[in-house]
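# For reference, the sequence and a predicted model appear below.
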Amino acid sequence: MSSRIEDYALIGDCETAALVSREGSIDWLCWPRFDADACFASLLGTPEHGRWQIAPRERPLRITRRYRPKTLILETRFETADGAALLIDFMPLRGRNSNVVRLVTGEHGRVVMFMELILRFGYGAIVPWVTRLDDQMLRAIAGPDMVVLRTPISFRGEDMTTVGEFEAIAGETTPFMLTYGASHLPPPAAPDPEAALAQTEAFWTEWVDKGDTVGEWSDAVVRSLITLKALTYAPTGAIVAAPTTSLPEALGGERNWDYRFCWVRDATRTLIALMDAGYYDEAQAWREWLLRAAAGSPEQMQIMYGVAGERRLMEWEVPWLPGYEGARPVRVGNDAHRQLQLDVYGEMMDAIQQARQHSLTPTVSGWELQIALLQHLEEAWRQPDESIWEVRSGARHFTFSKVMCWVAFDRAIRAVEMQRLEGPVGRWRELRSEIHDEVCRRGFDPTLGRFVQSYDSQELDASLLLIPLVGFLPIDDPRVAGTIAAIEKHLFVDGYVQRYDTCKSEDGLPPGEGAFLACSFWLVDAYALQGRLAEARRLFERLLAVRNDLGLLSEEYDPKDGRQIGNFPQAFSHVALVISAFNLSRADRPAERLGGRVKEEQTSA
């Protein structure tokens, strides 16, 4: 039986990450970066597909865990009848090589501990050639990959597994260091474990202290920001959606996707979250990555890219892994990278304009690329697309996609008006008005009194909550109020918001999934803009209660089973949490700045 998704913790070095279970087992680790072949893949398979466990030999009486304050250093405390031991897990910020460091410190008494290391590459398929280099060092090689284990305990090989036992004695610390390197090079040096711990703690605490506070929800916001920092690929500034693949959106189902890539749709909200928290360096790096990734022919702009801006993210299935709790198939890569999603043009334009308005970048930076994107969008906006939700049932005229096309031209007009840039603003105003008129005519159902998911349909979509947040219509417009009320009535299920009704909406996949946490935070933002602050706070507190004991959120939540589902931890959820916290805590709410006021001639459609 797999651990529950919320039973995992995240550790990382801002280039890759690992998930650690409550029982002290690292069950998922991709080396040397987020989207590489897994070294431990038992999260999606069985222990034989790779894991590294350090735990008491006898069943603990009690297990407690926490992150050290303001850090990504995990402490798991095991208490047994004979004593207590502390397991400290972290990944130092890397130099040439990436390391996982595990320290076992005895607190009182004596605790008999065991270590079990199952090294597998290629998502659990490849058994490496293991060699003992000396009494404290083991090397495993498979093709281009090498992993080196260093520890002072005695260890031996049993059935393709490295095992060992030792005692955790009060006041003593036993180190374990696992280091990745290229197989054609000598074994890489390992850091001094105590020095690495001190340096890692200093890095995280100093980084956190650079940010701004957010009042009563400061702890939740800080943990979310640390998580976003951990999901950053430092060499390029990219931020992955999640460090995992194929954690299902419905247990046992087929909605299982690889999220170890970077989505353009996250751009504006990520920038807002980072800038409002005071992390302008990270916002700048993310913005620069975005411009590099999208550079090129405008018609070839993608919805997502690899951490270095890679474009070919071919999807394939991993048949030898049974999947998390039997959810199949396990997928590597994501075919959605080939889809047309018109909303990304608006996200791109909005992100760059937000950066300008916050003096994050020189005024003219990226303007030529923006003009080229808009030239393409002048005709492309009329096409159907696969929407923000990446449906696999074929293209439609999705309402929110058209709204974001409006955003693209609106932000370009603002750039001309506010930053005195040059462009065909007259033509852009005409297109902005044309798109606005069409959306209000074809994307709004007057008999139902609400906007609909796509033209000529009657289905709802939680992305419509963003209509006032991006400034398409003001929050007090009756059409917006009717849409929010309809979402409350039909998509607000068991206290959380669904993206859309998968039983009614044709998305090319079997029906059924949990509530989408980012959408639930969007309803918090809508409530805040409506002045319904008491309801906004109640929903926000309910969403905070969904976090695991370490403050981490997955993509979705199943309120019936009380479980987090989907890839974990999810950047989109944590970005939404940060923005909602600032909306509720500050008078100058990001939700209002995100869209700004809409001119009267645009709201009269």
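Arrived safely.
# in the stretch 301-450 of the chain, which spans are strands?
304-305, 316-317, 331-332, 444-445, 450-451 (DSSP state E, counting those that start in this stretch).
# any chance of the ones you listed in CSV, plus mean neighbour count, distance to Ile169 and mean pLDDT?
C-betas here are computed from N, CA, C, even on glycine. Listed next are the strands of the stretch 301-450 of the chain as CSV, based on neighbours: other CB atoms under 10 Å; distance: least, CB to CB, whole Å; pLDDT from 0 to 100:
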stretch, mean neighbour count, distance to Ile169, mean pLDDT
strand 304-305, 24, 50, 96
strand 316-317, 13, 48, 97
strand 331-332, 19, 43, 97
strand 444-445, 18, 70, 98
strand 450-451, 26, 65, 98
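# ok, and what's touching stretch 532-549?
By CB atoms under 8 Å, 6 or more residues apart in numbering, the residues outside stretch 532-549 that reach it are 6-8, 65, 217, 220, 495-496, 517, 520-521, 523-525, 527-528, 553, 557, 564, 577, 580-581, 583-584.
# now it, how far from the centre of its chain.
Centre-to-centre, stretch 532-549 and its host chain are 20 Å apart (CA atoms, centre = their mean, to the nearest Å).
# swap in stretch 90-108?
On CA atoms, centre = their mean, the centre of stretch 90-108 falls 24 Å from the chain's centre.
# what distance separates the start and the end of it?
Using CA to CA, to the nearest Å, the end-to-end distance of stretch 90-108 comes out at 23 Å.
# got it, and stretch 548-565?
End-to-end distance (CA to CA), stretch 548-565: 12 Å.
# if we can go back for a sec, which of the contacts of stretch 532-549 are buried? Put it as a ChimeraX command.
Burial among the contacts of stretch 532-549 is assessed by 16 or more other CB atoms under 10 Å; the matching ChimeraX selection reads:
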select :6,7,8,65,217,220,496,517,520,521,523,524,525,527,528,553,557,564,577,580,581,583,584
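# Next step: the contacts of stretch 532-549 restricted to helices.
Counted as lying in helices by DSSP state H, out of these, are 220, 517, 520-521, 523-525, 527-528, 577, 580-581, 583-584.
# Which residue ranges of the stretch 101-250 of the chain form helices?
193-209, 218-230 (DSSP state H, counting those that start in this stretch).
# Pull out the buried positions in the last one.
Going back to what we said before, that points to helix 218-230. Those buried within helix 218-230 under the rule 16+ other CB under 10 Å are Ala220, Val221, Val222, Arg223, Ser224, Leu225, Ile226, Thr227, Leu228, Lys229, Ala230.
# and what of the first one?
By 16+ other CB under 10 Å, the buried positions in helix 193-209 come out as Pro193, Ala196, Leu197, Thr200, Glu201, Phe203, Trp204, Trp207, Val208.
# Would you mind giving those residues as CSV with distance to Ala380 and pLDDT added?
Shown next, in CSV, are the buried residues of helix 193-209 (distance: CB to CB, whole Å; pLDDT from 0 to 100):
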residue, distance to Ala380, pLDDT
Pro193, 54, 96
Ala196, 50, 97
Leu197, 52, 98
Thr200, 46, 98
Glu201, 49, 98
Phe203, 44, 98
Trp204, 43, 98
Trp207, 40, 97
Val208, 42, 97
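# Which of those sits closest to Leu374?
The closest of these to Leu374 turns out to be Trp207 (CB to CB; 36.6 Å).
# OK, contacts around the closest one?
Per CB under 8 Å, 6+ apart, neighbours of Trp207: Lys229.
# Alpha carbons of stretch 57-66, as PDB, please.
In PDB, the C-alpha atoms belonging to stretch 57-66 read as follows (Å, rounded to 0.1, in the frame of the first residue of the first chain):
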ATOM      1  CA  ARG A  57      14.000  -1.700  13.100                       C
ATOM      2  CA  GLU A  58      11.000  -2.100  15.400                       C
ATOM      3  CA  ARG A  59       7.700  -0.300  14.700                       C
ATOM      4  CA  PRO A  60       7.900   3.200  16.200                       C
ATOM      5  CA  LEU A  61       5.500   4.200  19.000                       C
ATOM      6  CA  ARG A  62       5.300   7.700  17.600                       C
ATOM      7  CA  ILE A  63       6.500   9.500  14.500                       C
ATOM      8  CA  THR A  64       6.500  13.300  14.300                       C
ATOM      9  CA  ARG A  65       8.100  15.600  11.700                       C
ATOM     10  CA  ARG A  66       8.600  19.200  10.800                       C
END
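# what's in contact with that stretch?
Counting by CB under 8 Å, 6+ apart, 9, 22-23, 74-82, 112-114, 165, 549-550 sit against stretch 57-66.
# Among the residues you listed, name the buried ones.
9, 22-23, 74-80, 82, 113-114, 550.
# Taking the residues you listed together, which two end up most distant?
It's Asp82 and Leu550 that sit farthest apart of the buried ones among the contacts of stretch 57-66, by CB to CB, at 27.1 Å.
# tell me the domain boundaries of the protein?
5-205, 210-603 (automatic domain parsing).
# worst average pLDDT in the ones you listed?
Lowest mean pLDDT within the domains of the chain: domain 210-603, at a mean of 92.
# Pull the distance from that domain to the chain's centre.
That offset, for domain 210-603, works out to 12 Å (CA atoms, centre = their mean).
# Check whether Ser233 really touches Gly306, as I assumed.
One correction, residue 233 is Tyr, not Ser. No: shown here, Tyr233 and Gly306 do not form a contact pair, counting by CB atoms under 8 Å, at 9.1 Å.
# circling back: will you turn the helices of the stretch 101-250 of the chain into CSV that also has distance to Met137?
Converted to CSV, the helices of the stretch 101-250 of the chain look like this (distance: least, CB to CB, whole Å):
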stretch, distance to Met137
helix 193-209, 14
helix 218-230, 29
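# for those helices, which one sits closest to Arg441?
It's helix 218-230; of the helices of the stretch 101-250 of the chain, that one is closest to Arg441 (CB to CB) at 38.8 Å.
# Could you figure out how far that closest one is turned away from helix 193-209?
120 degrees (axes from the mean of the first three to the mean of the last three CA atoms, to 10 degrees).
# packing partners for helix 218-230?
strand 8-12, helix 193-209, helix 267-276, helix 571-585 (3 or more CB pairs under 8 Å, 6 or more residues apart in numbering; DSSP states H and E).
# ok, residues contacting that helix?
Taking CB under 8 Å, 6+ apart as the rule, helix 218-230 contacts 10-12, 14, 17, 67, 70-72, 204, 207-208, 211, 214, 239, 270, 273-274, 277, 279, 282, 544, 547, 550-553, 569, 571, 574-575, 577-578, 581-582.
# Surely Leu523 and Leu465 touch.
Yes: using CB under 8 Å as the test, Leu523 is close enough to Leu465 to be in contact (6.0 Å).
# residues shared between the contacts of those two?
Joint contacts of Leu523 and Leu465 (CB under 8 Å, 6+ apart) are Ile484, Ile487, Val497.
# Point out the ones among those residues that are inside strands.
Val497 (DSSP state E).
# hmm, which of the shared contacts of Leu523 and Leu465 are the buried ones?
Buried among the shared contacts of Leu523 and Leu465 (16+ other CB under 10 Å): Ile484, Ile487, Val497.
# Now tabulate the residues you listed in JSON lines and tack on distance to Thr174.
Listed next are these as JSON lines, based on distance: CB to CB, whole Å:
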{"residue": "Ile484", "distance to Thr174": "56"}
{"residue": "Ile487", "distance to Thr174": "54"}
{"residue": "Val497", "distance to Thr174": "47"}
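# closest one to Gly50 among the strands of the stretch 301-450 of the chain?
Of all the strands of the stretch 301-450 of the chain, strand 331-332 comes closest under CB to CB, at 15.0 Å.
# Perfect, that will be all.
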